[in-house]
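Colleague: Generate coordinates for the sequence data below:
(chains A, B and C)
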Amino acid sequence: MTDDQVYLQRLLTEIKGESSPYALMEVCGTHTMAIARSGIRDLVPPNLKLLSGPGCPVCVTAQGDIDAVVAMVQDPAITLLTFGDMMRVPGTNSSLQEERSRGSDIRVVYSPLDALAAAGQMPDRQVVFLGIGFETTAPPVGATIQQAAEMRLANFSVLSLHKVVPPALEVIFGDPDIQVDGLICPGHVVAVTGVEPYRHLADKAHKPMVVTGFETRDILEGIVMLLRQLHRDRAQAEIQYRRVVKPEGNKVAQQTLQDVFEPADCRWRGLGLIPQSGLKIRSVYQDYDARLKFEVPDIEDVPIKGCACGEVLRGRITPRECALFGKGCTPLQPIGPCMVSQEGACAAYYRYTPDKGRL
Amino acid sequence: MCLGVPGKIIKVADNYVGTVDVNGNQMDISLRLTPEAQPGEYVLIHAGFAMEIIDADIAAETISYMEEMGWYDR
Amino acid sequence: MKTDRILMAHGSGGSMSQQLIDDVFKKAWNNPYLSAMLDGALLDLPPGRVAMTTDSFVITPLFFPGGAIGKLSICGTVNDLVACGAKPLFLSTAMIIEEGLPLSDLHKIVDSMARTARKARICLVTGDTKVVERGSADGIFINTTGIGVIPSGIDYRPSRIKDGDVVMVTGPVGDHGLAVLAQREGLRFATPALSDCAPLGVIGRVLEKYGGEVKCMRDPTRGGLATVLNELARQSGHGILVEGGKIPVSPVVQGACDMMGLDPLYMANEGKMVVITAPRQAAEIIRDLRQLSEASGSAIIGEVRLEPRQMVLLQTELGAQRILAMLEGEHLPRIC
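Modeller: Next comes the predicted model:
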């Protein structure tokens, strides 16, 4: 065994020695994926539950918001650019993938800057970038809006579905039915915001939090650090992912967020309306707000029959406990959002976690 | 959310454009959110932007942090 | 009148069609079968079971680092024959060409098909071209159909896979998929990755001497290694356990995939084989494969198990076993 493997096994041994029933939640789709891909969930003792919270921005995008985007792209003047993750997310009757096949001009990009470049290349098209994501992705999108404003690009705008993480965590911690003993905090979100919001949450909810990276080793260290806090009855916000996360966060990115966006009430799939949890484009940048430029209807969510994504996102049940899991709802034909995104809790379970009953 | 990978800055040009190298792959990214980043430094790349400069000393540590935390005298 | 692009008239069947055949195809391909100018090729086959396969090639861009649609259209069909255990012998091609394709591109494509076919020791015996209006095709679509003969003693089928068999792959995976992806619009990154596109008849010739020791072979093209392993698990009714750390992936491919949120195990390959053999001579087989330039990166990546039936499990660096699923839907770059 290499030194790294020895170290990983040592971390694992400490985790395996845990005998108390603790539930630890991560709130980042990349953590969901990393835990599933590395097989950590299978190696921790049964008394230790690893829950996936509302950490995948694709999964928490309200169904009504997808419906509104679908309605918007009916305008033949619009070219919609988005991250690949959004293509398959089902609205009530359609998805972006389906709309593309019906003739809407919808393209996948890697960066909002690609959308900006596309707007420059297609002056006679209205280029709309679909902005999804939390505090990590919102600053790049904000910086792109600022750049568009500097360039005075008249055919570029952003439909902001951006959200911030802490208000959703407050909802979860405030729900007496949900047992969460510690939080694996999203490393790349905290790299932007700094650790302060999580210190505040840790105090308020009296729960330990560890800002964690995404390598297998990071996640094991994060779990060990949470367990050690729990043993000492501490509720601090610690940083495991120190190579990237500075306690104060990225001030430039924070300023960009502040300058371009303002908090607004926002609907989350599975969690409902959460006050001040969304990011709306400020009026100084209104020329770049697709919501003001185009017909974007406000559509209420229609509940999906039998879908328990709301319960999964709250950590009340694990994906396998949903009646639709693997039956009507699979990654290819998803019913609920948690099955859609690669990093959705259900998709990660479906793809990577063997059903003990089948083995 | 938030897939991020480390990349090494190999060139900084005007208008906050930086060229990064990820295992031999090269990409132009924006340094607007890390304006102080210099060639030779590693940055965390997300959605075509450098999000943070990576602390090379800490990244090079192997198990020292857990040692610091009292791994051995637990 | 001399033109430098494909016109609808090139597909008319009249004198311009004839001119295209003379100028482009006959120059590149010349053999007794074609020069007989019959409506079909008359073939004499050596004894043995005949394998036949067909594949259509649509790719954007037509030319990419390490390959092009022409070379690809030969390799794809040759490799399917090789995977059947056959010696590739004869090939047909049908091309659907979009009006406006530069003639120089067509020349390049046809020449590279001819070169690759020679290298693969397969003979193009019949062909057809059609021209469609601009906008009805993406430059050019190429279909190839191949025939080969299976030597006696060779029988590559998933049903011969048994518990304890050894799973190999003939080199690092994902390069082709990445090389093509990096050329796509909207993903502006430069990668040194080259398509691995190559005809693999030589692998077939090396494995032939091991006869029945080799159970099955398949080329992990669309859907990548993970998808082919799943096909083999389903068709054999057995389980496959691979060790994640043993699957060869170049750092370039791994880095680019991490960047784009893709998984190399789902990226297409055009010059690799998955080989399943009995354990007895596995060491000799892998040694022989590594002697070939086309398979120098060969590695044993796992083994066949009775359970879990029809599933592929991947052992992680922590020693946990997780499902390695088939590709579902499109393999899109993600950001989350």
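
Colleague: State the pLDDT value of C:R305.
Modeller: Looking at C:R305, its pLDDT stands at 97.

Colleague: doesn't A:C266 fall inside a strand?
Modeller: Yes: under DSSP: H, G, I helix; E, B strand; the rest coil, A:C266 sits within a strand.

Colleague: Once you drop chain neighbours, what's closest to A:L273?
Modeller: Using Cβ to Cβ, 6 or more residues apart in numbering or on different chains and skipping the chain neighbours, the partner closest in space to A:L273 is A:R267 (5.2 Å). For glycine as for every other residue, the C-beta is placed from the backbone atoms N, C-alpha and C.

Colleague: In this structure that neighbour contacts A:A62, no?
Modeller: Yes: with contacts counted by Cβ atoms under 8 Å, A:R267 reaches A:A62, the gap being 4.1 Å.

Colleague: what sits in contact with each of those two?
Modeller: A:D301 (Cβ atoms under 8 Å, 6 or more residues apart in numbering or on different chains).

Colleague: Name the residues of chain B found near chain C, please.
Modeller: By Cβ under 8 Å from any Cβ of the partner chain, the residues of chain B that approach chain C are B:1-3, B:5, B:7, B:22-28, B:45-47.

Colleague: Please identify which of the residues you listed is nearest to chain C.
Modeller: Chain C lies nearest to B:N23 out of these, by Cβ to the nearest Cβ, at 2.7 Å.

Colleague: Distance check, that closest one against chain A.
Modeller: 15 Å (Cβ to the nearest Cβ, to the nearest Å).

Colleague: quick one on the thing from earlier: return the members of the residues of chain B next to chain C classed as buried.
Modeller: For the residues of chain B next to chain C, a burial check counting by 16 or more other Cβ atoms under 10 Å in any protein chain shown picks out B:1-3, B:5, B:7, B:22-23, B:25, B:27-28, B:45-47.

Colleague: burial of the residue nearest to A:L273, as a residue count?
Modeller: Residues within reach of A:R267, counting by other Cβ atoms under 10 Å in any protein chain shown, total 22.

Colleague: Now do the same contact list for it.
Modeller: A:A62, A:G64, A:D65, A:L273, A:I274, A:D301.

Colleague: All the strands of chain B, residue numbers only.
Modeller: Secondary structure of chain B (DSSP state E): strands located at B:5-12, B:17-22, B:25-30, B:42-46, B:49-53.

Colleague: nearest to A:R88, of these?
Modeller: strand B:42-46 (21.5 Å; Cβ to Cβ).

Colleague: Going by neighbour count, list what's buried in stretch C:161-171.
Modeller: Neighbour-count burial for stretch C:161-171 [16+ other Cβ under 10 Å]: C:I161, C:D165, C:V166, C:V167, C:M168, C:V169, C:T170, C:G171.

Colleague: Can you add secondary structure and distance to chain B and give those back as a markdown table?
Modeller: What follows is the buried residues of stretch C:161-171, written out as a markdown table (DSSP: H, G, I helix; E, B strand; the rest coil; distance: Cβ to the nearest Cβ, whole Å):
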| residue | secondary structure | distance to chain B |
| --- | --- | --- |
| C:I161 | coil | 35 |
| C:D165 | coil | 33 |
| C:V166 | strand | 30 |
| C:V167 | strand | 26 |
| C:M168 | strand | 25 |
| C:V169 | strand | 20 |
| C:T170 | coil | 22 |
| C:G171 | coil | 18 |
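
Colleague: out of those residues, who's nearest chain A?
Modeller: Once Cβ to the nearest Cβ is applied, the member of the buried residues of stretch C:161-171 that ends up nearest chain A is C:V167, at 18.5 Å.

Colleague: Test my guess that the closest one contacts C:R305.
Modeller: No: taking contacts as Cβ under 8 Å, C:V167 lies outside contact range of C:R305: 10.4 Å.

Colleague: so what sits against both of the two?
Modeller: With Cβ under 8 Å, 6+ apart as the test, C:V167 and C:R305 both reach C:I240.

Colleague: Next, give me the two most distant ones among the residues of chain B next to chain C.
Modeller: That would be B:M1 and B:G24, which, of the residues of chain B next to chain C, are the farthest apart (Cβ to Cβ) at 26.7 Å.

Colleague: need the longest helix for the chain.
Modeller: Reading this off chain A. helix A:216-231 (DSSP state H).

Colleague: not what I meant, chain C
Modeller: helix C:103-119.

Colleague: Now the element after that one, going C-ward?
Modeller: strand C:123-132 (DSSP states H and E).

Colleague: helix or strand right after that next one?
Modeller: strand C:140-150.

Colleague: Could you figure out how far that following strand is turned away from helix C:103-119?
Modeller: 10 degrees (axes from the mean of the first three to the mean of the last three Cα atoms, to 10 degrees).

Colleague: For strand C:140-150, name the packing helices and strands.
Modeller: Using 3 or more Cβ pairs under 8 Å, 6 or more residues apart in numbering or on different chains; DSSP states H and E, the elements in contact with strand C:140-150 are strand C:49-57, helix C:69-83, strand C:87-98, helix C:103-119.

Colleague: Neighbours of A:F83, how many?
Modeller: 28.

Colleague: tell me the contacts of it?
Modeller: A:V108, A:V109, A:Y110, A:L130, A:I132, A:G133, B:A47, C:P333, C:R334, C:I335, C:C336.

Colleague: Report the residue ranges of every domain in chain C.
Modeller: C:8-150, C:158-323 (automatic domain parsing).

Colleague: Pull the distance from the longest one to the chain's centre.
Modeller: Spelled out, it's domain C:158-323. In terms of Cα atoms, centre = their mean, to the nearest Å, the centre of domain C:158-323 is found 13 Å from the chain centre.

Colleague: That one and chain A, any residue contact?
Modeller: Yes: contact of domain C:158-323 with chain A (Cβ under 8 Å from any Cβ) involves C:186-188, C:260-261, C:307-308, C:311, C:313, C:316-323.

Colleague: pLDDT at residue 67, what is it?
Modeller: Reading this off chain A. Predicted confidence (pLDDT) for A:D67: 94.

Colleague: Wait, chain B was what I had in mind.
Modeller: 55.

Colleague: Can you give me every residue that contacts the closest residue to chain B within the stretch 1-150 of chain C?
Modeller: Nearest residue of the stretch 1-150 of chain C to chain B (Cβ to the nearest Cβ) works out as C:P65 at 12.5 Å. Neighbour list for C:P65: C:A179, C:A182, C:Q183, C:A193, C:L194, C:S195 [criterion: Cβ under 8 Å, 6+ apart].

Colleague: Tell me which residue is most central in chain B.
Modeller: B:V43 (2.2 Å; Cα atoms, centre = their mean).

Colleague: And for chain C?
Modeller: C:G76 (3.4 Å).

Colleague: Would you check how far apart the nearest residue to B:F49 once chain neighbours are set aside and B:L33 are?
Modeller: Of all residues not flanking B:F49 in the chain, A:P140 sits nearest, at 4.1 Å (Cβ to Cβ, 6+ apart). Here A:P140 is placed at a distance of 7 Å from B:L33 (Cβ to Cβ, to the nearest Å).

Colleague: Which neighbours do those two have in common?
Modeller: B:F49, B:M51.

Colleague: How about the contacts made by whichever residue of chain A sits closest to chain C?
Modeller: Evaluated by Cβ to the nearest Cβ, chain A has A:G39 as its residue closest to chain C, separated by 2.4 Å. Neighbouring residues of A:G39 by Cβ under 8 Å, 6+ apart: A:Y352, C:T316, C:L318, C:G319, C:A320, C:Q321, C:R322.

Colleague: Count the neighbours of the fourth one for me.
Modeller: The one in question is C:G319. Neighbours of C:G319 using other Cβ under 10 Å come to 14.

Colleague: Pretty sure it sits in a helix.
Modeller: No: assessed with three-state DSSP, C:G319 is coil; it does not lie in a helix.

Colleague: mind listing what's buried in the lowest-mean-pLDDT helix or strand in chain A?
Modeller: In chain A, the helix or strand scored least confidently by mean pLDDT, DSSP states H and E is helix A:337-340, which has a mean of 80. Neighbour counts over helix A:337-340 (16+ other Cβ under 10 Å) mark A:P337, A:C338, A:M339, A:V340 as buried.
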